[in-house]
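Undergrad: Give me the fold of what follows.
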Amino acid sequence: MTIPQNTDRLLAAFARVRATAESYMNERDEAELGWTEEAVTAVAVHKGAPAIKVVEFNRQQEGRGVGADYLWWWLDHTSDECFGMLVQAKRLHRRGDSWQVDIRHRNGSQYRDLLATADQFQVPALYGVYTGGLVFREALLCSHRASPDCVRCRRMAISMITAYQLSSFVSPVDTAELVLTEAVPLEDLVDPSLPAGVVWDLNLSKLGPGDLRDFLVKDQHGPREVAKRIFSSVAKHRRGAFAAALAERTILADEPIFENLPSDTGHFPGPYFPHILRGLRVRPPSYVVDVQVGRPAPLDLVDRLAGVVVVTL
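TA: Numbering: from 1, shown residues only. Below is the predicted model of the structure:
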C-alpha cells in the first residue's frame, strides 16, 4: 500500500498498521492457512512506530496471561488531557454462509473479565475486531469489489466497537452483524476529515448549558475527539433501545474531565456515559509516563495486560 505524502502523520501510522495486518491476513488466506487475532496483532501493532508507541509484556512478565488485551492511552501534545481505553482483539469468522464474531468464551466469563479489568483501570472496554483482508472479505465488499481505491473496504480490516454495544448473550451471527454495521474503523478515529459532529444522545435535551453539552454538540480535538467518536457510536446504539432515559447523575473519581454524568443504562451492562467518559482524564496515570520513558510497568498492569499503546495526538 502506498500512503499519500500529504497524509497526516498519525493517520499514516495507523494506515501502516492496518496495511500490514491486511497483507498478513491475505497471505495466510491465500495459502489456506488461516490466522488468529493474536498473530495479526504481533505482526502489525509495531508498524505504527514512532507515532504509536507500543510496550508489550512478554509471557514471563504477564504471569497469568490475558491474550491480546492492550490498554490504550491517547495523549494531547498541547495539554495533559488524555483518553484511555481497554481493547481486546477478536476476529471475524465465516461458518458456511454466515459471518460470526464469538465473544461467549467460557460461558461469557471472558466478556465479564474484560468489563472487570476496564473497571479496574477506570476506562471503557472495547473490542478491536480483525475482519480480514480483501481475500477473506470478498463477499462483504461494496460495489467497488476488492478495489484498492475503496477506502471504506480497506479500513474496516481493523474495526473498533465497545463491549457495551455487544453482549455475551447474543449469538455470534448477531454479534458479527453489529460489528459490521456499528464498528468504527481504527483509522477513522484519527482522520481529521471525519469529525464526530453533533451527538444526538437521548439525554441531550436533559442536559443544561455546560461543558458536557458542549462536548456533545461542539467540535472537539485530540483525545476529546477520539472519546467523542467512540461515545457517538454508543449513543447511536442507545437510540435503538426503548427504555426511558434517566435524569439521575453518577459522580466519577480519578480526575475525569466530566465528573457528573447521566446514569442512564438503557440495555447496557451499566450507565454508558460514565463507562465511556471515565477514560477522559485531566492528566494521564503515572504508569503512562513510566512506559513512555522505559521504566518498568507496575505489576497490576503486567499481571492483567498484554501491553500498553500510547498515541500522542
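
Undergrad: What ranges does the stretch 201-313 of the chain have for its helices?
TA: Taking DSSP state H, counting those that start in this stretch to define them, one finds helices in the stretch 201-313 of the chain at 211-217, 222-238, 272-277, 286-293, 299-302.

Undergrad: Can you say which of these is nearest to residue 186?
TA: If you check each of the helices of the stretch 201-313 of the chain against residue 186 by C-beta to C-beta, helix 222-238 wins as the nearest, at 10.7 Å. Backbone N, C-alpha and C define where each C-beta goes, glycine included.

Undergrad: Adjacent strands (with direction) for the longest strand anywhere in the chain?
TA: Counting by DSSP state E, the longest strand found in the chain is strand 82-91. Sheet pairing of strand 82-91 (DSSP bridges) gives strand 69-75 (antiparallel), strand 125-130 (parallel), strand 280-281 (antiparallel).

Undergrad: What strands flank the helix or strand that comes right after it, and is each parallel or antiparallel?
TA: Beyond strand 82-91 in the direction of the C-terminus, DSSP states H and E gives the next helix or strand as strand 93-95. For strand 93-95, the pairing partners within the sheet under DSSP bridges are strand 98-100 (antiparallel).

Undergrad: got the buried residues for the partner strand?
TA: By neighbour count on 16 or more other C-beta atoms under 10 Å, the buried set for strand 98-100 is 99, 100.

Undergrad: On the pLDDT front, check residue 220 for me.
TA: What the model reports for residue 220 is a pLDDT of 95.

Undergrad: For it, list the residues it contacts.
TA: Each residue near residue 220 by C-beta atoms under 8 Å, 6 or more residues apart in numbering is listed here: 195, 196, 227, 228.

Undergrad: Dump these to TSV, plus distance to residue 308 and neighbour count.
TA: Shown next, in TSV, are those (distance: C-beta to C-beta, whole Å; neighbours: other C-beta atoms under 10 Å):
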residue	distance to residue 308	neighbour count
195	27	13
196	25	23
227	18	27
228	23	24
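
Undergrad: one step back: out of the strands paired with strand 82-91, which comes closest to residue 309?
TA: Comparing the strands paired with strand 82-91 by their distance to residue 309 (C-beta to C-beta), the top pick is strand 69-75, with 4.6 Å.

Undergrad: Can you tell me what sits against that closest one?
TA: So strand 69-75 is in contact with 41, 45, 54, 82-89, 114, 117, 121, 123, 222-223, 226-227, 284, 288, 301, 304-313, going by C-beta under 8 Å, 6+ apart.

Undergrad: any low-confidence regions in this protein?
TA: By pLDDT under 70, the weakly predicted segments of the chain are 1-7, 58-68, 141-149, 242-249, 251-253.

Undergrad: any idea where the strands of it begin and end?
TA: In the chain, strands defined by DSSP E lie at 52-56, 69-75, 82-91, 93-95, 98-100, 125-130, 158-162, 184-185, 249-251, 260-262, 280-281, 307-312, listed in chain order.

Undergrad: which of those strands sits most buried?
TA: With neighbours defined by mean count of other C-beta atoms under 10 Å, none of these is more surrounded on average than strand 125-130, at a mean of 26.
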